[in-house]
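K.L.:
Sequence first, then the predicted structure:
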Amino acid sequence: MDRGPNVDEGRNRPLWSERGGTRIEDAVVTKIAGIAAQEVEGIQMGGGTARAVGGFLDSVTGGGGQARGVAVEVGEEEAAIDLSLAVEYGKPIPQISEAVRRSVIDRVENLIGLRVIEVNITVNDVVLPEERPLLDQQREVQQQAQEQDRRG
């Protein structure tokens, strides 16, 4: 059965095959990018007001907060990602930003199969040492929520 030029075009695309295609929703890319960014020590997604409001909303809704501070544009083969985050005081912002960028690109490209064309990072806050216990507590809650999602 001839399906026209789309079959030939799809042979070079990782999410398409002769037997069908896979469409990745923006929410999936958003969540994976948020988790990947949080794998880098010394950052907090969202930053500033987003952190305070997001923490309250997560406590009410039971959300994990992985998507906070993440915006994506997803095409059939490529994705562009914008991140907003806070950096822990004393951490070098250029190195932290590059580590976040590498983590996000690696996870999105390897887990989803989309080519990441850019990861733009906005650092909008600094986490002070006295805020560190709250940051650790929030990270622990997020990890527990992720484990529950995996189980079931």
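P.N.:
Happy to help now that I have it. Residues are numbered from 1 along each chain as shown.

K.L.:
Please count neighbours and contacts with C-alpha atoms only from this point.
P.N.:
Fine.

K.L.:
Summarise which helices and strands the strand ranked longest in the chain is packed against.
P.N.:
As assigned by DSSP state E, the longest strand anywhere in the chain is strand 115-127. For strand 115-127, the packing partners by 3 or more CA pairs under 8 Å, 6 or more residues apart in numbering; DSSP states H and E come out as strand 78-88, helix 93-107.

K.L.:
let's go with 10 Å and repeat that
P.N.:
Under the contact definition 3 or more CA pairs under 10 Å, 6 or more residues apart in numbering; DSSP states H and E, strand 115-127 sits against strand 43-45, helix 48-61, strand 70-74, strand 78-88, helix 93-107.

K.L.:
That strand pairs with which strands, and in what direction?
P.N.:
Strand pairing for strand 115-127, using DSSP bridges, gives strand 78-88 (parallel).

K.L.:
Would you mark the buried spots in the partner strand?
P.N.:
Neighbour-count burial for strand 78-88 flags 79-88 (criterion: 16 or more other CA atoms under 10 Å).

K.L.:
ok, these vs residue 115, which is closest?
P.N.:
Lowest distance from residue 115 to the buried residues of strand 78-88 (CA to CA) belongs to residue 79, with 6.2 Å.

K.L.:
Quickly list what the closest residue to residue 72 other than its chain neighbours is bridged to.
P.N.:
Leaving out its chain neighbours, the residue that sits closest to residue 72 by CA to CA, 6 or more residues apart in numbering is residue 81, at 4.5 Å. Assessed by DSSP bridges, residue 81 has beta-bridge partners residue 72, residue 119.

K.L.:
What is the subsequent helix or strand relative to the helix or strand of the chain with the lowest mean pLDDT?
P.N.:
None of the helices or strands of the chain scores lower by mean pLDDT, DSSP states H and E than helix 5-10, at a mean of 43. Sequence-wise, the next helix or strand downstream of helix 5-10 (DSSP states H and E) is strand 16-17.

K.L.:
For that next one, enumerate the helices and strands it packs against.
P.N.:
Using 3+ CA pairs under 10 Å, 6+ apart, strand 16-17 sits against helix 5-10.

K.L.:
picking up where we left off before, export the buried residues of strand 78-88 to JSON lines and tack on pLDDT?
P.N.:
Shown next, in JSON lines, are these (pLDDT from 0 to 100):
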{"residue": "79", "pLDDT": "96"}
{"residue": "80", "pLDDT": "97"}
{"residue": "81", "pLDDT": "98"}
{"residue": "82", "pLDDT": "97"}
{"residue": "83", "pLDDT": "97"}
{"residue": "84", "pLDDT": "96"}
{"residue": "85", "pLDDT": "95"}
{"residue": "86", "pLDDT": "94"}
{"residue": "87", "pLDDT": "94"}
{"residue": "88", "pLDDT": "92"}
